[in-house]
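Asker: I'll drop the sequence and a predicted model, then ask my questions.
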Amino acid sequence: MIRRRTIEVFSLSFLDCLCCGFGAILLLFLLTIGTGRSASSSTEPDLDALQAELEALQSSLRENRSTLEDSQNNPFLAEQLESLSRQIEQLQSRKERLEEELASAAGNQTKAETEAAKAKRLLESFPYQDLPPIGLPAEATHVVFVVDTSGSMRNQFTQQIHSAVIRQLSAILDSLPAVQRIQFFDTSGQSVMPSGTWLPDTPSLRKDALQRLRNYPLLSVSDPEPGLRRVFRDLAPSVGKNQQMSVYVVGDDFRGNTRGFLHQLDRLNPRDSASGKRPASINAIGFPTIQGPFLIGGLQGNTRFANIMREIAEAHQGVLILRPGI
């Protein structure tokens, strides 16, 4: 009978493997413990930094809150805030006022443009000549000039009467035959010459009168009524029945009452019931002195002067000359 070999349950190889396994587990455990401690220690500085930042933010918040409370309770700052509020209200009010003025100016500009077109049509409706005016009364024995010497009739730089006005007066005097008496007034009724009575007509006197007019220092009113009133009050009575007076009104503007002025001239220079003639003829020379066509009142004054002097010239046996420029 064959005898079997005895088999050992636990051999040396098995024990070796078992020991190695336990060793590996122990090694892994030791490594895990070391790694956990390292991670824990690395997060501690981050937490400390966050804690410090949080405390800094809280401190800054407390300071800002304290500053805000102090500014609200500070009377100086409160006064400054109130002053700024008032300034803002004033600026807002001024802005609204300027907007209203701008709208009004735009409306005035439109009105002025309409008046400019009207004045231009009126000036174009009157024929003019560069030559001395035709129709000068040859039978005149006494001649008086009533000249507007207001600011609009002057050169804005020299303050002298516009050279175009002096040239026109010179042309009239050159074409006017010698008369017995002559005189020069401004529209306010002041005498340009030293004497306010009739003066003998001589070439030297005419030259002197033009020079005095050029440098005349007084600003007259923009209304020929006072000057004409003095002419008929002080000069007309000394003109004889067989003599003839001729008046020349030189200007650019009329600010008076139109109807009242016409009625007054009818009384001062009445028409003869028999012959239908008047004691004096009234002539006019108008100048368009508008330098800025959008100035309120300028166009209206030029237009009114042209209208009323046309009526006066027609009613008082005179002529009207409107110059194209100055």
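Answerer: Here it is on my side, so go on.

Asker: can you list the weak-confidence ranges in the stretch 151-300 of the chain?
Answerer: Scanning the stretch 151-300 of the chain for pLDDT under 70 picks out 289-300.

Asker: Okay, strands next: where are they in it?
Answerer: 181-186, 199-200, 245-251, 280-286 (DSSP state E, counting those that start in this stretch).

Asker: Can I get those strands in TSV including mean neighbour count and distance to residue 104?
Answerer: Where you see a C-beta, it was placed from the backbone N, CA and C, and this is true even at glycine. TSV is the format used below for the strands of the stretch 151-300 of the chain (neighbours: other C-beta atoms under 10 Å; distance: least, C-beta to C-beta, whole Å):
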stretch	mean neighbour count	distance to residue 104
strand 181-186	24	36
strand 199-200	13	51
strand 245-251	26	30
strand 280-286	25	30
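
Asker: possible to save the ones you listed as TSV with distance to residue 236?
Answerer: Below are those laid out as TSV (distance: least, C-beta to C-beta, whole Å):
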stretch	distance to residue 236
strand 181-186	11
strand 199-200	16
strand 245-251	6
strand 280-286	6
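
Asker: need the helices for this protein, in chain order.
Answerer: 12-73, 75-125, 163-175, 203-214, 225-230, 258-268, 298-315 (DSSP state H).

Asker: what's the closest of these to residue 188?
Answerer: Counting by C-beta to C-beta, residue 188 lies closest to helix 225-230 out of these; the figure is 5.3 Å.

Asker: Need the CA coordinates for the closest one. CSV is fine.
Answerer: Presented in CSV, the C-alpha positions along helix 225-230 are these (Å, rounded to 0.1, in the frame of the first residue of the first chain):
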residue,chain,number,x,y,z
GLU,A,225,-41.8,168.3,-35.5
PRO,A,226,-39.9,170.6,-33.0
GLY,A,227,-37.7,172.0,-35.7
LEU,A,228,-40.6,172.7,-38.1
ARG,A,229,-42.6,174.3,-35.3
ARG,A,230,-39.8,176.8,-34.7
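
Asker: hmm, back to that, can you check which of the strands of the stretch 151-300 of the chain gets nearest to residue 232?
Answerer: The minimum distance between residue 232 and these falls on strand 280-286, with 7.4 Å, by C-beta to C-beta.

Asker: partners of the closest one, with directions?
Answerer: strand 245-251 (parallel), strand 320-322 (parallel) (DSSP bridges).

Asker: And stretch 155-165, what's buried?
Answerer: Across stretch 155-165, burial judged by 16 or more other C-beta atoms under 10 Å covers 160, 161, 162, 165.

Asker: Residue 308 is nearest to which of the strands of the stretch 151-300 of the chain?
Answerer: Among these, strand 280-286 comes nearest to residue 308, with 8.9 Å by C-beta to C-beta.

Asker: Wait, residue 149 touches residue 161, no?
Answerer: Yes - counting by C-beta atoms under 8 Å, residue 149 sits close enough to residue 161 to count as a contact (6.4 Å).

Asker: Overlap in contacts, those two.
Answerer: Jointly contacting residue 149 and residue 161 under the rule C-beta atoms under 8 Å, 6 or more residues apart in numbering are 213, 216.

Asker: I'd like the strands paired with strand 280-286 as JSON lines, with distance to residue 154 appended.
Answerer: Formatted as JSON lines, the strands paired with strand 280-286 follow (distance: least, C-beta to C-beta, whole Å):
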{"stretch": "strand 245-251", "distance to residue 154": "12"}
{"stretch": "strand 320-322", "distance to residue 154": "20"}
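
Asker: Looking at those, which is nearest to residue 239?
Answerer: Nearest to residue 239, of all the strands paired with strand 280-286, is strand 245-251, at 4.8 Å by C-beta to C-beta.

Asker: can you give me the angle that closest one makes with strand 181-186?
Answerer: Counting by axes from the mean of the first three to the mean of the last three C-alpha atoms, to 10 degrees, strand 245-251 lies at 30 degrees to strand 181-186.

Asker: can you list the residues that contact strand 245-251?
Answerer: 136-137, 140-148, 153, 165, 168-169, 172, 187, 222, 224, 227-228, 231, 235-236, 239, 279-287, 305, 309, 312, 318.

Asker: Identify the residue nearest the geometric centre of the protein.
Answerer: residue 105 (8.1 Å; C-alpha atoms, centre = their mean).
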